[in-house]
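> Make a model of this:
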Amino acid sequence: MQATSNLPIKIAVVGPESTGKSSMAKYLAQTFNGLMVPEYSRYYCANLNREYSMQDELNMFYGQVALEEAMLSTEPTLLVCDTTILTVKIWCDHLFGETPEEVKNEIRNRAYDFYLLMDIDLPWEDDPLRDFPEQREHFLSVWTQELKAIDARYELVSGLGTQRYLRAKEVVLELLK
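I've put the predicted structure just below:
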């Protein structure tokens, strides 16, 4: 497996809520001496004391793009993204039944070399920013469909504890060959 673009190599860690995306992204960035793009929506929603609106989703879209672009400007050799703007599409479709064209257009234009889709085999951890513990299977299916729709190269990463991290590390090592 070889990266599809020149440097930087971009790896997206994606999946349903409470699947260890942030921890995995940090681990991979540290392990491979790369940079990590955090999930902008965590910052945005931290003090949001109301229901999400479509405008909030657009704000999170622009924030995630800006964070990624800021990290890319430092010219890393490896960029690990803790989620992507594809998350905005999934939430827009789920919450509002549609996704703005600007989001869909950017999804088509923003390439990643590989996606690590985190499995739902981890126990749910409550968090004020998580909403759908009973719909994890549904969202795993949605993520799989969305990745296939953009013809993404991806692998489902399962396992508990160290096993999960080692599996993701193997996948990335294979990608970097």
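> E170 is in what secondary structure piece?
Here E170 is covered by helix 162-176, with elements defined by DSSP states H and E.
> got the buried residues for the helix or strand bottoming out on mean pLDDT in the chain?
Scoring the helices and strands of the chain by mean pLDDT, DSSP states H and E places helix 40-45 at the bottom, with a mean of 88. Residues Y40, S41, Y44 are the ones in helix 40-45 that count as buried (16 or more other CB atoms under 10 Å). C-betas here are computed from N, CA, C, even on glycine.
> packing partners for it?
helix 54-72 (3 or more CB pairs under 8 Å, 6 or more residues apart in numbering; DSSP states H and E).
> can you rerun that using 10 Å?
Using 3 or more CB pairs under 10 Å, 6 or more residues apart in numbering; DSSP states H and E, the elements in contact with helix 40-45 are helix 54-72, helix 86-96.
> out of everything not next to it in sequence, what's closest to H94?
Of all residues not flanking H94 in the chain, V142 sits nearest, at 7.6 Å (CB to CB, 6 or more residues apart in numbering).
> Can you tell me the centre-most residue of the protein?
T83 (1.7 Å; CA atoms, centre = their mean).
> contacting residues around that residue?
Applying CB atoms under 10 Å, 6 or more residues apart in numbering to T83 gives the contacts 12-15, 21-22, 25, 37-42, 64, 90.
> how far away is it from E174?
Distance of T83 to E174, computed by CB to CB, to the nearest Å: 22 Å.
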